[in-house]
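Trainee: Compute the structure for the input listed below.
(chains A and B)
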2 protein chains.
Amino acid sequence: MSYKFSYNTRDIKFILKEWLPLEEVLSFDRYKDYYSTDDVDTIVDQVKKVADEVIAPTADDGEEIGARWEDGKVYIPPSFHQAHRFLQDQGWGASNFDLEGEGALPLTMFGLLWEMLSAANPALMPYVGNAGAVSHVIQLYANDLIKEKFLSNLLTGIWGGTMCLTEPSAGSDVGEMGSKAYPTDDPMIYKIKGQKIFITVGDRDDVDNIVHLYLARVEGAAPGTKGLSLFVMPKYWVNEDGSLSDNDVQCIGIEHKMGLKGQATAQLVVGENNNCRGYLIGNPPDENGVGQGIMQMFHMMNEARLDTGRLATAVASNAYWAAKNYGKERIQGKLLTNPKAGRVTINKHEDVKRMYLLNKATTEACRALLAKCYYYEDVREFAPDPERRKWAQLKLDMLTPLCKAYPSDEAWGLIAESLQSYGGYGYCEDYPAANSARDCKIWSIWEGTNFIQSMDLIGRKWMQGKGAIFASTLKEVEDFIAIHKGNLDGLEKEVEHLEKALTTYKGIQMMIAGYARSEKIGLMAVYARRILTATAQLYCGYLLMEQAVIAKKQMAELDPDHYDYNFYLGKVLSARYYLNNAVPNVWHVADLLKIGDTSVLEAPTEIFEY
Amino acid sequence: MSYKFSYNTRDIKFILKEWLPLEEVLSFDRYKDYYSTDDVDTIVDQVKKVADEVIAPTADDGEEIGARWEDGKVYIPPSFHQAHRFLQDQGWGASNFDLEGEGALPLTMFGLLWEMLSAANPALMPYVGNAGAVSHVIQLYANDLIKEKFLSNLLTGIWGGTMCLTEPSAGSDVGEMGSKAYPTDDPMIYKIKGQKIFITVGDRDDVDNIVHLYLARVEGAAPGTKGLSLFVMPKYWVNEDGSLSDNDVQCIGIEHKMGLKGQATAQLVVGENNNCRGYLIGNPPDENGVGQGIMQMFHMMNEARLDTGRLATAVASNAYWAAKNYGKERIQGKLLTNPKAGRVTINKHEDVKRMYLLNKATTEACRALLAKCYYYEDVREFAPDPERRKWAQLKLDMLTPLCKAYPSDEAWGLIAESLQSYGGYGYCEDYPAANSARDCKIWSIWEGTNFIQSMDLIGRKWMQGKGAIFASTLKEVEDFIAIHKGNLDGLEKEVEHLEKALTTYKGIQMMIAGYARSEKIGLMAVYARRILTATAQLYCGYLLMEQAVIAKKQMAELDPDHYDYNFYLGKVLSARYYLNNAVPNVWHVADLLKIGDTSVLEAPTEIFEY
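Mentor: Coordinates of the predicted model:
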């Protein structure tokens, strides 16, 4: 037993009850008869209990038993079967994506609850969540026949779901994929041939069927991503009478991964016997050979990008909390600031506290960023006013690359610091940090590498709507500064840093615009990832300051002995740490960009022999 | 088969033949009859061949078979037995530490060759190297009887060696250890009782005996580290006739580690049957209860600190070279700077080249730093002039914490970038990056955590000799700037950055001096690790610039078609990348320090519940 689920719910409750405008969300037709803000504590506590008692105990099985491939079939740990079934049956799973269902949880809440469940067993969650994501795409884009055939079994988690995108020679290069679809007599049904790799939970033994959303090119359609179409391609074909028969979908193996060992990452070969069929979603390619597949798939991908950031945040947060629990027990060494106190628990050591506060502040920053986006998702989907829905969509567009890349970049360094705080035990698998480090590394890669996210940000999102949309995101930061500058007692310096960061950030945008028009356009790519990080730090700095303003008000009203006082103090200290240590990186990046080093661009590949 | 040894020897040869004053070393009595600079190529090539053909093929066995503990015994992969034997027998092992032996390799060369061997199988090397390190301590501090009993079998690698320091409740807190030594009738022999953990290669099945250097407190000696004594405590007692008998040393288990799985990390219980004996090295504790153990052990520890940095450098370098080999084959995506070229191999992509150049420049920086120290080791040990030996010792004192911490801190991020460059394959254990990532994490922890190194630097080394010694290290940088400022064609900006870094670095020292005298003394600990990194970046920036000066001269004389031209071009680009991207962190750290954020110090431990 090495994994230790160590979550604390207080920040989640704070976000839902004190920071985000949950009342607005709960006023939407979809939710108004079901939930009020008074329910937040009960629901969060209930999911915490589920995470503690049902999900977390399965985590070690993922490591110790793992997913296993044998004779074309994937076997997952028996405890995963039960945990999956429990979440689906008890209403914490795919059913929340039923657009016509009753009592679905608001996405704003669901996102944060899901973070907690993900932390309890990160390898398990795609087995549960993918069915919801697939059913969402089907509800939005598919016709009634498809809905009728597949939806109810997806929404109850009786069947699983996947997103089939990557192929051996088409990773980041989605448009190069070789999977082909051939029309049949039935205009809805195509024969599919191809091979897919890195299919998360692409096969499993705990469900009767798996609904693959499969991206392929209809014979004769245009090259590149624009020629792609999306198909509902079930592992087993669903006959008229509801019975299942073979659909020529083979799982030829799973990957041996660094972590997430309970999560089957499958290689699929489909149509090898010319007998694999799929239902086309939406329309066939138009007269120019342009399909609707990539747009449809992007809906699922954008959700998966938030999910990726959430997984990284969940695992890093849990690693931090597990580490601080260890630090309360472990006695070692004396304090620089108070050597006379003798040997103390390591959680009192200055450098250990630095590691904790770095983790606390950064994971809270990531959680705030993601939670804001869950809220935007709710508004986009369910707000009555179409203008407001559009507004939320644009906000989401801007923040999605940050949500995917920033937490998944930071997790590696954060978990390393949690691990470091254990000393040698951190390197031993009997303690939880090593497992978390191994788990987190994939998230900077999948769902579009963090470089792709960075180029999406600076090459596309910055320009969207002639720059006005991104500017309105920066305007949020500007407005905050305008309100609070000079009057935020004890946080004056932090507001100043935010202002300096905003100013230098605009300078970064100017410099990139300059490079983009010059021979040095390659510098966009060279600095893209650092700029994405700086963007997230600026925006998250603002979010944490917003939270600190609320926390300061609460502190003013509470006695320092009050049980909740230290939570609010912690929020203020998180903001201070982040603004004084992370946000200054924005002007550091500006400084580097100003240097405009071209060594990377000038380097011929031959120098890398050495 | 997943591990891929991918080393290139050119930088090693450059360091030995073109950069370091190897002639000086080869003029020492110990070496002058054996080696000339003309031998460098042959020897390096020979070791490369050994690494390729003998050592690298064993690396996967470390992962797949691993070290195994059963009934009190440790079994290591059979191929490790053979590889160990080969290195010892062929003169690449402990025999080089024989102070009276013939033809030992210069430490300057040995250090770099050992880096290459370490890269070929990092888990294997302590099985080979520890015997040399133990024999070095014995030669320096032990009496003839001990030398006679143990030395020849150590120097031939017939027996193994370890350093027994850590105990369950004494990790960073060495002085708290509970191991006790009790005098016997023989003043040289003590009975020892205690428990040790994290003993690297603490048990194994490929040697007849293991010579543990065991740190314990003689009954009645002073508390803390000063009361410790060092013992030669063999696994099996060596009788008068040379036969071996039980010495009450039990291996009760090995750790299940994140990486380095072929390297047994043992838990030892000694003297449980009151029958474990050890030979005291040097004198018993004096009338104040002060022993000589910690000083003696520090000799081995300082060597182990260089070795740690070397291991990190080796594994990161190898991960980089393996990644660039993959990048030459993998076709994916188009270039931002030349989209018309169509799909290209990823090693041409701007962001991938950035990852490679970051790795290339940083690993070359680490190698330069370490190589400089191998040279100082040679001078300290074997220079004829005692003053020069002392000079080298002081240089080593200053640089040792950098050598240990900087490479082992950087490796985690560097290998993550190598891994990232593979896309999803990087996360699969069939490719080499994941293995390297898992291997490298221990090195920021063992041999004194990187925080301990950082405090050693700013709390001790900065002050040594009233600051004059560290100042003389900075003076090297200053001298370089004085010579080259304004006249280094094409590297003017880089010299300016070095100068700015040096100036701001002195500011960092002033600020820390100010904090140390104030209530904010805790800020020393809070910023220590960042300052160590900045120190290494400043110093390595200077080293890479020194190398670039040489490389530029060579380039001026070579035709761009010359086979060696790209090596020199790469050296210049490494320096440019490093000075424009890494060295600016020095003034970033100065900037952070100036902010002087006290949030960590103010944080009560209670806030970390959230």
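Trainee: C-alpha only now, for contacts and for neighbours.
Mentor: Will do.
Trainee: what's the burial count for A:P187?
Mentor: 11 (other CA atoms under 10 Å in any protein chain shown).
Trainee: So it: helix, strand or coil?
Mentor: Three-state call for A:P187 (DSSP: H, G, I helix; E, B strand; the rest coil): coil.
Trainee: Chain B contacts on the stretch 251-400 of chain A?
Mentor: Applying CA under 8 Å from any CA of the partner chain, one finds that the stretch 251-400 of chain A approaches chain B through A:255-258, A:321, A:324, A:331-333, A:336-337, A:347-348, A:350-351, A:353-354, A:356-357, A:360.
Trainee: cutoff 6 Å now
Mentor: Counting by CA under 6 Å from any CA of the partner chain, the stretch 251-400 of chain A comes close to chain B at A:H256, A:K257, A:M258, A:Q332, A:G333, A:T337, A:E350, A:D351, A:R354.
Trainee: What of chain A?
Mentor: Chain A comes close to chain B at residues A:8, A:173, A:256-258, A:332-333, A:337, A:350-351, A:354, A:423, A:427-429, A:445, A:522, A:525-526, A:566-567, A:570, A:573, A:577, A:599-600, A:607, A:610, as judged by CA under 6 Å from any CA.
Trainee: Next, the buried residues of stretch A:241-256.
Mentor: A:N247, A:D248, A:V249, A:Q250, A:C251, A:I252, A:G253, A:I254, A:E255, A:H256 (16 or more other CA atoms under 10 Å in any protein chain shown).
Trainee: Show the contacting residues for the first one.
Mentor: Right, A:N247. If you count contacts by CA atoms under 6 Å, 6 or more residues apart in numbering or on different chains, A:N247 has them with A:K235, A:Y236, A:W237, A:C276.
Trainee: Could you export the residues you listed to CSV, including columns for secondary structure?
Mentor: Formatted as CSV, the contacts of A:N247 follow (three-state DSSP):
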residue, secondary structure
A:K235, coil
A:Y236, strand
A:W237, strand
A:C276, coil
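Trainee: on that earlier part again, from the residues of the stretch 251-400 of chain A next to chain B, which single one is nearest A:M300?
Mentor: Using CA to CA, A:K257 comes nearest to A:M300 of these, at 23.9 Å.
Trainee: Now the closest one: closest residue in space, sequence neighbours ignored.
Mentor: Among residues not flanking A:K257 along the chain, B:C428 sits closest, at 4.4 Å (CA to CA, 6 or more residues apart in numbering or on different chains).
Trainee: Can you name the next helix or strand after whichever helix or strand A:A405 is part of?
Mentor: Element membership for A:A405 (DSSP states H and E) is helix A:386-421. Next along the chain after helix A:386-421, taking DSSP H and E as the criterion, comes helix A:432-440.
Trainee: Contacts for the helix or strand that comes right after that following helix next, please.
Mentor: Heading C-terminal from helix A:432-440, the first helix or strand you meet, by DSSP H and E, is helix A:450-456. By CA under 6 Å, 6+ apart, the surrounding residues in contact with helix A:450-456 are A:P401, A:A405, A:S444, A:A528, A:R529, A:L532.
Trainee: Output the contacting helices and strands for the host helix or strand of A:F198.
Mentor: When elements are assigned from DSSP H and E, A:F198 belongs to strand A:189-200. Strand A:189-200 sits against strand A:180-183, strand A:265-270, strand A:277-280, with contacts defined as 3 or more CA pairs under 6 Å, 6 or more residues apart in numbering or on different chains; DSSP states H and E.
Trainee: at 10 Å instead, please
Mentor: Under the contact definition 3 or more CA pairs under 10 Å, 6 or more residues apart in numbering or on different chains; DSSP states H and E, strand A:189-200 sits against helix A:125-141, strand A:160-164, strand A:180-183, strand A:210-218, strand A:228-234, strand A:249-254, strand A:265-270, strand A:277-280.
Trainee: could you dump these to JSON lines with distance to B:G486 and mean pLDDT?
Mentor: As requested, those are exported to JSON lines (distance: least, CA to CA, whole Å; pLDDT from 0 to 100):
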{"stretch": "helix A:125-141", "distance to B:G486": "59", "mean pLDDT": "96"}
{"stretch": "strand A:160-164", "distance to B:G486": "58", "mean pLDDT": "97"}
{"stretch": "strand A:180-183", "distance to B:G486": "62", "mean pLDDT": "98"}
{"stretch": "strand A:210-218", "distance to B:G486": "58", "mean pLDDT": "98"}
{"stretch": "strand A:228-234", "distance to B:G486": "57", "mean pLDDT": "98"}
{"stretch": "strand A:249-254", "distance to B:G486": "58", "mean pLDDT": "98"}
{"stretch": "strand A:265-270", "distance to B:G486": "56", "mean pLDDT": "98"}
{"stretch": "strand A:277-280", "distance to B:G486": "67", "mean pLDDT": "98"}
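Trainee: Please name whichever of these is nearest to A:R68.
Mentor: With CA to CA as the measure, strand A:249-254 is the member of the helices and strands packed on strand A:189-200 nearest A:R68 (7.8 Å).
Trainee: And the closest one, what does it pack against?
Mentor: Secondary-structure packing of strand A:249-254 (3+ CA pairs under 10 Å, 6+ apart): strand A:68-70, strand A:73-75, strand A:189-200, strand A:265-270.
Trainee: residue contacts, A:Y34?
Mentor: A:L26, A:E102, A:G103, A:A104, A:L105, A:P106 (CA atoms under 10 Å, 6 or more residues apart in numbering or on different chains).
Trainee: Please flag which of the residues you listed sit within helices.
Mentor: Residues of the contacts of A:Y34 located in helices (DSSP state H): A:L26.
Trainee: Need the max-distance pair from the contacts of A:Y34.
Mentor: By the measure CA to CA, A:L26 and A:E102 form the most distant pair in the contacts of A:Y34, at 13.9 Å.
Trainee: Which neighbours do the two have in common?
Mentor: With CA under 10 Å, 6+ apart as the test, A:L26 and A:E102 both reach A:D33, A:Y34.
Trainee: More neighbours: which of those two?
Mentor: Each of A:L26 and A:E102 has its neighbours counted (other CA under 10 Å); A:L26 has more, 20 against 13.
Trainee: ok, the residue lying closest to the more buried one once chain neighbours are set aside - contacts?
Mentor: The spatially closest residue to A:L26, leaving aside those adjacent along the chain, is A:K32, at 5.2 Å (CA to CA, 6+ apart). Contact partners of A:K32, counting by CA under 10 Å, 6+ apart, are A:E23, A:E24, A:V25, A:L26, A:G103.
Trainee: Of those residues, which is the nearest to B:S118?
Mentor: The shortest approach to B:S118 among those belongs to A:V25, at 58.2 Å (CA to CA).
Trainee: show me the contacts for that closest one.
Mentor: Counting by CA under 10 Å, 6+ apart, A:V25 makes contact with A:31-32, A:35-36, A:106-109, A:375-376, A:378-379, A:382-383.
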